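Chemist: got a sequence here, can you build the structure:
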Amino acid sequence: MNIFMTSGTPEFMEKLRAKHAREQMIMLHGESTTVLLHETNGKTVFQTPRRFEVVASSGAFEENGYFVFHHIPVADEGRPVFEHRVKERANTLDAEPGFIAFRLLRPRDSDTYIFLTEWSGNQFYTMWKNASSFDHFLTAPTQTGANSTLNLFSGAPSITTYISKEKDDEA
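Modeler: Alright, predicted model coming up:
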């Protein structure tokens, strides 16, 4: 499975989505941009997408959720350890209140993974983020012995959030 993303104005993203109505796409509205997310086993219809391979997943994306993108730069030598760590813990998300879906996205053209989650609302993500289970979810494992110098991350992580319906659409 692959996920492709492109950004633009809400009007342009809506036209692009309508033009390819048979494709599974979700339009996400952020503070300063709109993202069209295309999940497919095939090729994308986007001209210049950001390209990712889905390496772990749970649930199905819905059209009316709160999406959180954890952008995590991972060093080449840290990729297998990082992926294993996230996969090992991912099943714990299913029991979280308000959790809908997640995807661990391996980048094809950069070093930045995306840990993408969808929640029923911001309050459910905030509850998980403030819980002790979140503290160790995406952090580096404590290494001892020969691998103690392994540096998983190549930069600082960041977070972006989106909703899949504009506020005007909810009326």
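
Chemist: quick one: the strands in this structure, in order.
Modeler: Remark: strands assigned in the chain by DSSP state E are 2-8, 25-29, 34-40, 50-58, 66-73, 99-107, 112-119, 158-163.

Chemist: and those strands: which comes nearest residue 131?
Modeler: Among the strands of the chain, strand 99-107 comes nearest to residue 131, with 11.9 Å by C-beta to C-beta. For the C-beta atoms, the positions are set from N, CA and C on the backbone; glycine is no exception.

Chemist: I'd say residue 124 and residue 99 touch.
Modeler: Yes. The criterion here is C-beta atoms under 8 Å, and residue 124 meets it with residue 99 at 6.9 Å.

Chemist: what's near enough to touch residue 43?
Modeler: The contact partners of residue 43, by C-beta atoms under 8 Å, 6 or more residues apart in numbering, come to none.

Chemist: now do residue 158
Modeler: 70-71.

Chemist: 6 Å instead, please
Modeler: Applying C-beta atoms under 6 Å, 6 or more residues apart in numbering, one finds that residue 158 lies in contact with residue 71.

Chemist: so where's the protein uncertain?
Modeler: Along the chain, the model assigns pLDDT under 70 to residues 132-133, 135-150, 166-171.

Chemist: so where's the longest helix in it?
Modeler: The helix that spans the most residues within the chain, counting by DSSP state H, is helix 79-90.

Chemist: tell me how far the residue most central in space within the chain lies from residue 22.
Modeler: For the chain, the residue nearest the mean C-alpha position is residue 116 (1.8 Å; C-alpha atoms, centre = their mean). According to C-beta to C-beta, to the nearest Å, residue 116 stands 23 Å off from residue 22.

Chemist: what of residue 89?
Modeler: From residue 89 to residue 22 the distance is 35 Å (C-beta to C-beta).

Chemist: more crowded one of these two?
Modeler: residue 89 (14 against 6; other C-beta atoms under 10 Å).

Chemist: gap between the more buried one and residue 51?
Modeler: Residue 89 is 25 Å from residue 51, by C-beta to C-beta.

Chemist: and if you look at residue 97?
Modeler: 33 Å.

Chemist: these two: who's more crowded?
Modeler: residue 51 (17 against 10).
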